[in-house]
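Asker: Pasting the sequence and the predicted coordinates here, then a few questions.
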Amino acid sequence: MRRVLVTGSAGFIGSFVCQSLLRHGNAVLGYDAVTDYYDPAIKRARLARLVRHNGFQAVEARLEDEARFRAACQAFRPQVIVHLAAQPGVRYSIENPRSYIDSNIIGSFNVLEMAREFEVEHCLMASTSSVYGAGRDMPYHERQKCDTPMSLYAATKKASEALAHSQAHLFGFPVTMFRFFTVFGPWGRPDMAPFKFSEAILSGRAIDVYNHGDLYRDFTYVEDLVEAIRLLIDCPPLRPERPEDIASDDSLSPVAPYRVVNIGNSNKVYLMDFIAALERHLGVEAKKNFLPMQPGDVAATWADCRLLERLTGYRPSTSLDEGIARFVDWYRDYRRSD
């Protein structure tokens, strides 16, 4: 039985990762601050599904609380860390930038310190497709430059990638950064489009459609993402003996056991097609409030996931329509029990 520390365990993605790891026989320590960035009730409902498992333990605290985090790690002694905790959101990073520095940089540094101190087999850390910023070379691949972040959120995630690389180089523990692409599905965040749009549509309120609908996203179904993460745990990067031996499609660092991996559906979807799918499964046409592009946002995301497939043999494949159907079924049940 492997001991896996999962930060952000009450979160949308984190709760699914914990469930998958538990199903596959791992012992899991979930670490989450259960903040009020969005309604903590859904976070506690996610946790309630996890505490039924004998192999699950939970600690409620902030990663920035170094003493509390170290004490939790000393008691559990993790062999693998999956770091998902973060302050998310592009728009909120304009309103409350300091929370992103605290959570995404200081919190991530503390995770890396524990990975070093406990000599973990593999430290896996969440980044985001937002780091590609103003890049126009699509589909995005892991080896392209990411020097033009469009939001503080993206900048803090890029900073955490740089921190992880330096620590992997200096101390030799393996780190995989995965860049997510617009994750959706049951138990999703209330501040994200599927939940927010469904709530508005069923209430008869207009939905805000930015850039007048001229946006594209690589929508990734949550269970596909989680399976990719689980498989990547067993693919720790190794420091290359000779940089020239690194494959041309590999993001492996020439000086560290460090790699970046995209996790997406490899399919660029028009925002209006996403809205149409949601309308179809909800059975209601949305009222639409067309608006200009919001500050910090990007016009399109699209993942090149060939490296993920080469490393794991797996590629996310759940269609948008299938994923939306599952989300809507869950959303109706959740609202009925709310």
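Answerer: The structure has been received and is ready for your questions.
Asker: which residues of the stretch 201-338 of the chain score low on pLDDT?
Answerer: The model of the stretch 201-338 of the chain has pLDDT under 70 over residues 338.
Asker: Put the alpha carbons of the strand or helix carrying Y100 into PDB.
Answerer: Element membership for Y100, per DSSP states H and E: helix 97-100. Below are the C-alpha coordinates for helix 97-100, written out as PDB (Å, rounded to 0.1, in the frame of the first residue of the first chain):
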ATOM      1  CA  PRO A  97      -3.800  39.100  -5.900                       C
ATOM      2  CA  ARG A  98      -2.100  38.500  -2.500                       C
ATOM      3  CA  SER A  99      -4.200  35.300  -2.000                       C
ATOM      4  CA  TYR A 100      -2.500  33.900  -5.100                       C
END
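Asker: helices and strands around that helix, which ones?
Answerer: Helices and strands touching helix 97-100, by 3 or more Cβ pairs under 8 Å, 6 or more residues apart in numbering; DSSP states H and E, are helix 152-171. Quick note: C-beta positions are derived from backbone N, CA and C, even for glycine.
Asker: after the helix it packs on comes which helix or strand?
Answerer: Counting by DSSP H and E, what follows helix 152-171 is strand 175-180.
Asker: pLDDT of that next one, averaged?
Answerer: Mean pLDDT, computed over strand 175-180, is 97.
Asker: quick one: strands adjacent to it?
Answerer: Looking at strand 175-180 with DSSP bridges, its partner strands are strand 122-128 (parallel), strand 258-263 (parallel).
Asker: and the angle for it with helix 152-171?
Answerer: Compare the direction of strand 175-180 with that of helix 152-171 by axes from the mean of the first three to the mean of the last three Cα atoms, to 10 degrees and you get 160 degrees.
Asker: centre of the chain versus strand 175-180, how much separation?
Answerer: 9 Å (Cα atoms, centre = their mean, to the nearest Å).
Asker: Next: stretch 35-48.
Answerer: Distance of stretch 35-48 from the chain centroid (Cα atoms, centre = their mean) equals 17 Å.
Asker: returning to what we had before: want to try JSON lines for the strands paired with strand 175-180, with mean neighbour count as columns?
Answerer: Below are the strands paired with strand 175-180 laid out as JSON lines (neighbours: other Cβ atoms under 10 Å):
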{"stretch": "strand 122-128", "mean neighbour count": "25"}
{"stretch": "strand 258-263", "mean neighbour count": "26"}
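Asker: Including distance to D224, could these go into a markdown table?
Answerer: A markdown table is the format used below for the strands paired with strand 175-180 (distance: least, Cβ to Cβ, whole Å):
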| stretch | distance to D224 |
| --- | --- |
| strand 122-128 | 15 |
| strand 258-263 | 8 |
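Asker: which one of the ones you listed lies closest to A134?
Answerer: If you check each of the strands paired with strand 175-180 against A134 by Cβ to Cβ, strand 122-128 wins as the nearest, at 14.7 Å.
Asker: for that closest one, what is the average pLDDT?
Answerer: Averaged across strand 122-128, pLDDT comes to 97.
Asker: ditto for stretch 145-154
Answerer: Mean per-residue pLDDT for stretch 145-154: 92.
Asker: which other residues reach that stretch?
Answerer: Residues outside stretch 145-154 that contact it (Cβ atoms under 8 Å, 6 or more residues apart in numbering): 87-90, 92-94, 97, 100, 104, 128, 130-135, 155, 158, 295-298.
Asker: Which residues belonging to it are considered buried?
Answerer: When neighbours are counted by 16 or more other Cβ atoms under 10 Å, the buried residues of stretch 145-154 are found to be C146, P149, M150, S151, L152, Y153, A154.
Asker: quick one, helices of this structure?
Answerer: Assigned by DSSP state H, the helices in the chain fall at 12-23, 40-50, 66-76, 92-95, 97-100, 107-117, 152-171, 193-203, 222-233, 271-282, 306-312, 320-337.
Asker: Show me the contact partners of the fifth one.
Answerer: Think helix 97-100. Contacts of helix 97-100 (Cβ under 8 Å, 6+ apart): Y37, Q87, Y92, S93, L152, Y153, T156.
Asker: from these, which is closest to E309?
Answerer: Among the contacts of helix 97-100, Y153 lies closest to E309 (Cβ to Cβ), at 27.7 Å.
Asker: how close does the residue lying closest to that closest one once chain neighbours are set aside sit to L29?
Answerer: Spatially, and ignoring its direct neighbours in sequence, Y153 is nearest to S93 (4.0 Å; Cβ to Cβ, 6 or more residues apart in numbering). To L29, S93 is 28 Å away according to Cβ to Cβ, to the nearest Å.
Asker: Over to M177?
Answerer: For M177, the distance to L29 (Cβ to Cβ) stands at 21 Å.
Asker: now do R239
Answerer: 28 Å.
Asker: Then L47?
Answerer: Taking Cβ to Cβ, one finds L47 at 13 Å from L29.
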